[in-house]
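Chemist: build me a structure from this.
(2 chains)
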Protein chains: 2
Amino acid sequence: MKTKAIFYHAGCPVCVAAEQNIANALDPARYDVEIVHFGNDRSRLEEAESAGVRSVPALVMDGAVFHINFGAGIEALK
Amino acid sequence: MKTKAIFYHAGCPVCVAAEQNIANALDPARYDVEIVHFGNDRSRLEEAESAGVRSVPALVMDGAVFHINFGAGIEALK
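Modeler: Numbering: from 1, shown residues only, chains lettered A, B, ... in the order given. Just a heads-up that it's a prediction; the model follows:
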């Protein structure tokens, strides 16, 4: 069974670089990667915060949050 | 041809989590992942700094540096 990985971002340049390099680099045989763009889907903000996301871009895998560089604080996206 | 990805870390718990979840999750068909542990190989510090690594864990891919969470500043490892 594949592991779910969710990449949260907000379209910022730092986010796009991380998406292209890291989110797209995950092994598709082992990971189902979902890309969530808060600019298009603000309804996912609450879920992300509950998972521990404090800034974007961030990758949530197996319940662990990985903040990758810093594009924007999640508070700025509300 | 595979892309080279170098994961720099220092054995800290934050580093180990990032290694297990992100470095090991990269697609082996597309990426050659090298793991560099500064505790075992301090001679790589200079190369990492030149690439732009400021803290560990960090992943360098295609010349871009991605700092993943924060384990330790690179200055603390010298």
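
Chemist: state the pLDDT value of whichever residue of chain A sits closest to chain B.
Modeler: Among the residues of chain A, residue A:27 lies closest to chain B, at 4.2 Å counting by CB to the nearest CB. C-beta coordinates here come from the backbone N, C-alpha and C atoms, glycine included. pLDDT recorded at residue A:27 is 97.

Chemist: spit out the contact partners of the closest residue to it other than its chain neighbours.
Modeler: The shortest distance from residue A:27 to any non-neighbouring residue, by CB to CB, 6 or more residues apart in numbering or on different chains, is to residue B:27 (4.2 Å). Residue B:27 makes contact with A:25-29, according to CB atoms under 8 Å, 6 or more residues apart in numbering or on different chains.

Chemist: narrow those to those that are buried.
Modeler: By neighbour count, with 16 or more other CB atoms under 10 Å in any protein chain shown, the contacts of residue B:27 hold A:25-27 as buried.

Chemist: contacting residues around the helix or strand of chain A with the lowest mean pLDDT?
Modeler: Lowest by mean pLDDT, DSSP states H and E among the helices and strands of chain A is helix A:13-21, with a mean of 92. Residues from elsewhere that reach helix A:13-21, judged by CB under 8 Å, 6+ apart: A:7, A:9, A:35, A:56-57, A:68-72, B:61-62, B:64, B:66.
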